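Novice: Next come a sequence and a model predicted from it.
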Amino acid sequence: MIKLLLTLFLITNIYASDNKKASDIFNLIVKEITKKDSSNVYLHRGIESIEKYPGNLKIVTECKDADIIILSTTTGITKECSKKILFGSRYSHLKNPNVIGAFFWQKGRPNILFYQKRLNTHHIKLDSSFNRYIEE
Amino acid sequence: MLMLFSFSNAGSIDSLLHDYEEESELSHKTKDESAGNLIVYTRDDLERMQVETLKDILKSLRFFPYAENRTAHPDILSQEPLSYASKNVRIYLNETELLTSITGSGFFLFGDMEMDFIDHVEIYEGFPSFDFGVEPATIVIRLYSKTAEHDEGGRVKVTIDNKGANKQNVYYSDKTDDISYFIYANHTDKQQDTYEHQNETLGRDKETNRFYGSLSTENHNIEFHAMQQKGDALLGSTIGLVPKDSNIDMSFLNLSTNSKFLDNSLVLNLSYNYAQSDFDYEYNPIYGLSSLAYTMKEETFTSSLKKEWELDSNTITVGLQYRYKDFDFSVPTTRDIYNEAIYSAFIEDLIALNDKNVLTLSVMKQLYKRSNNYKDEDALQLRLGYIYSDEEWVSKTFISSQEFIPGPYLVLTTDNELKPEIYKSIIEEISYQTDKTISKIILVYSSNKNMPMMALNNGTPPRLEPKSATQEVTSINAALEFTFHFNKKDKLELQANYMNLDFPDYGEEVIHYNYLIRMLNTISKFDIYNELVINDNFTDVKTGYNYSLGVKYEVNKDFHINFKGDNIFDSALDWNYRTPTMANPQDTLVIPVIEQRFMLGMEYLF
């Protein structure tokens, strides 16, 4: 406990806070995509923020059980996984046409980007609050 | 607790993204509150204040406003006419100390470096943690470069000002699954006023080119940094002669690596520096010396190994460090010393007494070995710290004793036996915070034995040269600071600080007062920065009022235009340089440290 306080109060290592916030954003995005309060997610090669703070997300170990796949890399995705809804964590993941959108850092700021056509492919309609994050 | 507060009022995607951006400031991950009395400029601060060079933030530094030496190089602890007094100010780029081996510190070369590739800045005043470096320090400036983690993509930036100065730079960063890189290149042509003095025209223009690149994997990082700078040297380093023409041409190269092992608890840093400086002065022959030209070449290799153990209530860090400096002058020096090896070891223990009280104990020992049978010297550093913190109050107390071995640039220029400086200090910092405010008080008492000073020798004619002060120099400093956050993007900072330095060998007691009023606002797509720095009671110069205004307009997310006026009323602090002549031994050159300047810039992200 004391060691934990040392870390939090003195070294001010607040990875915890930004990981929590990142996970909150993933939670909101997944909820919006799946329209479920609690979704099954498969983390392809791990996403630290969700692993530490899953929130309402249930992490599954098999693609087949997932409502959505969140990627830390696009390499090594199995055919089975590719059929599911794919969501990226880097801008470059959007080069893969199966990835419907991504939450990533670029140019010094966090960004969210969806492609409308790819959303349409999966019959996904996002709330209007996401409009500014959707491109044709 | 130290993360101020959150204004988050909704779970909307927009507000979540905004909060996430704020909490992901890299400064949150690097700053170390236990390491000393800390001042942080976050990326948001740097961007909204339109910080172009390090000088832009150091001009309002607590107790020590930015100053330059006789050759127009940064020298924040200036003891004019001593050519360089800021040996104890250490400057780091990420984990690498930027260093020139002769001056003993890189502040001389990097104290006014452009900041376009820097993410955030931490300044530790007082007697910072030993964790930072091989040699002791009284001020540590840590610069952290942008990285691919947050800056995937690129930016080009162009700035011009009313004096014809211009700056262009570009960076680009990308990452794959296993590796990331960041590259940056800059050209700055800094134009400043010229000054007529003793029938000569003195200038301090500088042209600087820089390249910085880093390549990182999860646990290893390699960096390359090259700089070339040429320009005027104002008065040059020769006291009593005003140059007709003065030129300095400097180049600097650094290659460094940073590796982490055993779950980041073992850190190995290696660094190699090369620097060359060519000085060329021309004088009116009536002085009996028509020209002076010399070259200094310097090489430094530094290795540092640190291991940290996290036990139940202790965090123990042990470090072993080695630094080898090699220097070469093209002209004879008073002493024939051409290299120096420093062996350094430290142990630091952070003890959590309970959830609110922490004790830090640090011991560091250095051994200096110099060539040509010049005596070996050793130095001992001790530091005791106590930190109390709860949700509103933080109190930091640091008691320290430091020894500074005189740097090569002093030893090489005098026959006087320079003694190690013995610096003792006690620092108390108390801060109180509410939802919207932070109030802070800082009190410092320090004493310094054997401080270097300039004094006339017994030669014919007598010459000014460094010697150790015979009497103790004492200093009392106090600061009051208040920050009010109106909301997320609007804040007001008020600061007042006082410095009293009693230097009996010079027969003077120096008292300075510095004040700061700074306002940062964001209104729609405009970032507005207002700042007034007041420097009062500096020796033989009028009170300085430096008012700056900056407006940055976001045309769109990727294109910004900015305007900034610095020292708008041309009334900022002047600095006094001694230029004695036979006819007037008290003659001085008085010129502004920071000139009036109006800048226009634009940046495009891609």
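Specialist: It's in.

Novice: Tell me where chain A has helices.
Specialist: In chain A, the helices defined using DSSP state H lie at A:2-5, A:15-34, A:48-52, A:79-82, A:116-121.

Novice: same check, this time on the stretch 51-200 of chain B
Specialist: Here the stretch 51-200 of chain B has its helices, by DSSP state H, counting those that start in this stretch, at B:55-58, B:107-110, B:148-151.

Novice: Output these in CSV, with mean pLDDT and mean neighbour count appended to each entry.
Specialist: All C-beta spots, glycine's among them, are computed from the backbone N, C-alpha and C. Converted to CSV, those look like this (pLDDT from 0 to 100; neighbours: other Cβ atoms under 10 Å in any protein chain shown):
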stretch, mean pLDDT, mean neighbour count
helix B:55-58, 96, 21
helix B:107-110, 93, 25
helix B:148-151, 88, 21
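
Novice: and of those helices, who's closest to chain A?
Specialist: helix B:148-151 (4.7 Å; Cβ to the nearest Cβ).

Novice: How far does that closest one sit from its chain's centre?
Specialist: 25 Å (Cα atoms, centre = their mean, to the nearest Å).

Novice: Over to stretch B:553-564?
Specialist: Using Cα atoms, centre = their mean, the offset of stretch B:553-564 from its chain centre is 28 Å.

Novice: And that stretch, end to end?
Specialist: The first residue of stretch B:553-564 is 12 Å away from its last residue (Cα to Cα, to the nearest Å).

Novice: hmm, who's touching that stretch?
Specialist: A:107, A:109, B:50, B:52, B:525-527, B:529, B:548-552, B:598-606 (Cβ atoms under 8 Å, 6 or more residues apart in numbering or on different chains).

Novice: Alongside chain A, which residues does the stretch 101-250 of chain B contribute?
Specialist: B:146, B:149-153, B:155, B:175, B:177 (Cβ under 8 Å from any Cβ of the partner chain).

Novice: deepest of the helices of chain A, which one?
Specialist: Comparing those by mean neighbour count (mean count of other Cβ atoms under 10 Å in any protein chain shown), helix A:15-34 ranks first with a mean of 20.

Novice: average model confidence for it?
Specialist: The average pLDDT within helix A:15-34 is 89.

Novice: quick one: is that helix near chain B?
Specialist: Yes: Helix A:15-34 reaches chain B (Cβ under 8 Å from any Cβ) through A:15, A:17-18, A:21-22, A:24-25, A:28-29.

Novice: Please report how far the residue lying closest to residue A:39 once chain neighbours are set aside lies from residue A:87.
Specialist: In space, and not counting its chain neighbours, residue A:39 is closest to residue A:67: 4.3 Å by Cβ to Cβ, 6 or more residues apart in numbering or on different chains. According to Cβ to Cβ, to the nearest Å, residue A:67 and residue A:87 sit 11 Å apart.

Novice: For the stretch 251-400 of chain B, just list every one of the strands.
Specialist: B:266-282, B:291-310, B:314-329, B:339-352, B:357-370, B:377-389, B:393-404 (DSSP state E, counting those that start in this stretch).

Novice: before we move on, what about chain A?
Specialist: A:40-44, A:58-60, A:68-71, A:85-88, A:99-106, A:109-115, A:134-135 (DSSP state E).

Novice: tell me the centre residue of chain A?
Specialist: residue A:26 (4.4 Å; Cα atoms, centre = their mean).

Novice: What is the lengthiest helix in chain B packed up against?
Specialist: If you go by DSSP H, chain B has its longest helix at helix B:13-23. With contacts taken as 3 or more Cβ pairs under 8 Å, 6 or more residues apart in numbering or on different chains; DSSP states H and E, helix B:13-23 sits against helix A:15-34, strand A:109-115.

Novice: at 10 Å instead, please
Specialist: On a contact count with 3 or more Cβ pairs under 10 Å, 6 or more residues apart in numbering or on different chains; DSSP states H and E, helix B:13-23 meets helix A:15-34, strand A:99-106, strand A:109-115, helix B:43-48.

Novice: which residues touch the residue nearest to residue A:39?
Specialist: By Cβ atoms under 10 Å, 6 or more residues apart in numbering or on different chains, the contact set of residue A:67 is A:30, A:33-36, A:38-42, A:57-58, A:60, A:84-85.

Novice: Run a quick neighbour tally on whatever residue of the stretch 201-350 of chain B ends up closest to chain A.
Specialist: Chain A sits closest to residue B:313 of the stretch 201-350 of chain B, with a gap of 4.6 Å, by Cβ to the nearest Cβ. Here the number of neighbours of residue B:313 (other Cβ atoms under 10 Å in any protein chain shown) works out to 16.

Novice: cool, residue B:516 as well?
Specialist: 21.

Novice: Check the one 10 residues further on too.
Specialist: Residue B:526 is flanked by 11 other residues according to other Cβ under 10 Å.

Novice: and the stretch 351-500 of chain B, which residues reach chain A?
Specialist: For the stretch 351-500 of chain B, the contact set with chain A under Cβ under 10 Å from any Cβ of the partner chain comprises B:351-356, B:358, B:360, B:387, B:389-390, B:394.

Novice: same thing but 6 Å
Specialist: B:352, B:355, B:389 (Cβ under 6 Å from any Cβ of the partner chain).

Novice: Can you name the residues bridging to the last one?
Specialist: So the one you mean is residue B:389. residue B:394 (DSSP bridges).

Novice: Give me the distance between the residue nearest to the centre of chain A and residue A:54.
Specialist: 9 Å.

Novice: Please apply the same query to residue A:128.
Specialist: Counting by Cβ to Cβ, the gap from residue A:128 to residue A:54 is 27 Å.

Novice: how many neighbours does whichever residue of the stretch 451-600 of chain B sits closest to chain A have?
Specialist: Across the stretch 451-600 of chain B, no residue is closer to chain A than residue B:558, which sits at 7.0 Å (Cβ to the nearest Cβ). Around residue B:558 there are 13 other residues, counting by other Cβ under 10 Å.

Novice: and the closest residue to residue B:530 other than its chain neighbours, which of the three is it?
Specialist: Residue nearest to residue B:530 in three dimensions, not counting chain neighbours: residue B:519, with 4.4 Å by Cβ to Cβ, 6+ apart. When classified by DSSP: H, G, I helix; E, B strand; the rest coil, residue B:519 comes out as strand.

Novice: what element comes up after the lowest-mean-pLDDT helix or strand in chain B heading to the C-terminus?
Specialist: Ranked by mean pLDDT, DSSP states H and E, the weakest helix or strand in chain B is helix B:27-30, scoring a mean of 74. Heading C-terminal from helix B:27-30, the first helix or strand you meet, by DSSP states H and E, is strand B:37-41.

Novice: hang on, residue A:17 packs against residue B:23?
Specialist: Yes: Residue A:17 is within contact range of residue B:23, at 4.7 Å (criterion: Cβ atoms under 6 Å).

Novice: What mean pLDDT does stretch B:559-570 get?
Specialist: On average, stretch B:559-570 scores 97.

Novice: try stretch A:62-73
Specialist: Per-residue scores along stretch A:62-73 average to 94.

Novice: CA atoms only: put it into PDB for me.
Specialist: The C-alpha trace of stretch A:62-73 is given here as PDB (Å, rounded to 0.1, in the frame of the first residue of the first chain):
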ATOM      1  CA  GLU A  62     -11.300 -16.500 -28.700                       C
ATOM      2  CA  CYS A  63     -12.300 -14.400 -31.700                       C
ATOM      3  CA  LYS A  64     -15.400 -16.500 -32.200                       C
ATOM      4  CA  ASP A  65     -16.800 -15.300 -28.900                       C
ATOM      5  CA  ALA A  66     -16.300 -11.600 -29.600                       C
ATOM      6  CA  ASP A  67     -18.700  -8.900 -30.600                       C
ATOM      7  CA  ILE A  68     -15.800  -6.800 -31.700                       C
ATOM      8  CA  ILE A  69     -12.000  -7.200 -32.200                       C
ATOM      9  CA  ILE A  70      -9.700  -4.400 -31.000                       C
ATOM     10  CA  LEU A  71      -6.300  -4.400 -32.600                       C
ATOM     11  CA  SER A  72      -2.900  -3.400 -31.400                       C
ATOM     12  CA  THR A  73      -1.500  -4.600 -34.700                       C
END
